[in-house]
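K.L.:
From the sequence below, what's the structure:
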Amino acid sequence: MMKLLTSVLLCFASLCAADDRVKVDNDAVRILKVVDTPHQKSALHRHEFNRVMIYLDAGDMEIIYEDGHKEKQHWNVGQVAWSAAGARHTSQNVGSSPLRIVEIELKKPGPVTPPVRKRELDPLAIDPKHNHLLFENAQVRVFRSWREPGAAEPMHEHVGAGRATVFLTDLDGSVKLVDGSTSELRGSAGDAFWSGPVTHSTTNRGSARSEVIVVEVK
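P.N.:
Take a look at the predicted model:
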């Protein structure tokens, strides 16, 4: 009986630890912040959903597929990649330091009709100096956005199902909505959050440049 109870408690503890990786879980996405420890090979697995990967650290990974094919990957700090659902594989951090990754799993296929963007409110169109498109496909539009200390974005909108934002730097900011209301926005490098469609402007109130990755889900 004691062995059974101990086993149940260990399983519960393991589930709780796994849950700690999940930062957002809703109908559209699941956002996880994972840490790959050096030389800890994963079990054979596959990913059921397409993902957007944001690498918070530089590092090297080795992916070995079930058919024996090997893939070596090198990632830089702040690099973003598209990872399609696919074949079963193992993964291993073959570097010497932990590798932190924010993984955004996309639970739904892209819409039949893409969201309509108003050019006068599209952040990439109205402020290309501070917003750089990384990639776009049927499910997401992903871009890097930064702001100088004390500077404010032009009022703009995010359309579609919502957006995930991943901080690459600390941020002390404020958000102004189209109705004139304001709220504080604070976060640390590596934080991730989810928001629905919105029209707003963010001001960087800190003393250093802020930088984020924006993943607009269609």
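K.L.:
and stretch 102-122, average pLDDT?
P.N.:
Per-region confidence: stretch 102-122 scores 97 on mean pLDDT.
K.L.:
Give the buried residues for that stretch.
P.N.:
Going by neighbour count (16 or more other CB atoms under 10 Å), the buried part of stretch 102-122 is 102, 103, 104, 105, 106, 107, 110, 117, 121, 122. Heads up, the C-betas are built off the backbone N, CA and C, glycines and all.
K.L.:
Quick one: list the elements packing against the one helix or strand the first one maps to.
P.N.:
When you say that, I think you mean residue 102. Taking DSSP states H and E as the criterion, residue 102 maps to strand 99-106. In terms of contacts (3 or more CB pairs under 8 Å, 6 or more residues apart in numbering; DSSP states H and E), strand 99-106 is packed against strand 29-36, strand 51-55.
K.L.:
Look up how far residue 124 lies from the nearest residue to residue 218 once chain neighbours are set aside.
P.N.:
Nearest non-adjacent residue to residue 218, counting by CB to CB, 6 or more residues apart in numbering: residue 160, 4.5 Å away. As for residue 160, its distance to residue 124 is 14 Å (criterion: CB to CB, to the nearest Å).
K.L.:
So which of the helices and strands packed on strand 99-106 has the densest surroundings on average?
P.N.:
strand 51-55 (a mean of 21; mean count of other CB atoms under 10 Å).
K.L.:
which element follows that strand toward the C-terminus?
P.N.:
Taking DSSP H and E, what comes next after strand 51-55 is strand 59-65.
K.L.:
rewinding a little: now the element after the strand holding residue 102, going C-ward?
P.N.:
Assigned by DSSP H and E, the successor of strand 99-106 is helix 123-126.
K.L.:
Pull out the buried residues from that next one.
P.N.:
By neighbour count on 16+ other CB under 10 Å, the buried set for helix 123-126 is 123, 124, 126.
K.L.:
Pick out whichever of those sits closest to residue 63.
P.N.:
residue 124 (31.6 Å; CB to CB).
K.L.:
Okay, the closest one and residue 39: tell me how far apart.
P.N.:
Distance from residue 124 to residue 39, counting by CB to CB: 40 Å.
K.L.:
can you check residue 107 too?
P.N.:
Distance from residue 107 to residue 39, by CB to CB: 32 Å.
K.L.:
before we move on, what about residue 30?
P.N.:
27 Å.
K.L.:
CA-only coordinates of stretch 152-161 in CSV, if you can.
P.N.:
Extracted in CSV, the C-alpha atoms of stretch 152-161 (Å, rounded to 0.1, in the frame of the first residue of the first chain):
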residue,chain,number,x,y,z
ALA,A,152,5.7,55.2,-28.0
GLU,A,153,4.4,53.1,-30.8
PRO,A,154,1.9,54.6,-33.3
MET,A,155,-1.7,53.4,-32.6
HIS,A,156,-2.1,50.1,-34.4
GLU,A,157,-4.2,46.9,-34.4
HIS,A,158,-3.7,43.2,-34.1
VAL,A,159,-6.3,41.1,-35.9
GLY,A,160,-7.2,37.4,-36.1
ALA,A,161,-7.6,34.9,-33.2
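K.L.:
Now do stretch 44-59: distance from first to last residue.
P.N.:
By CA to CA, to the nearest Å, the extent of stretch 44-59 from end to end equals 21 Å.
K.L.:
same thing with stretch 158-167?
P.N.:
End-to-end distance for stretch 158-167, by CA to CA: 17 Å.
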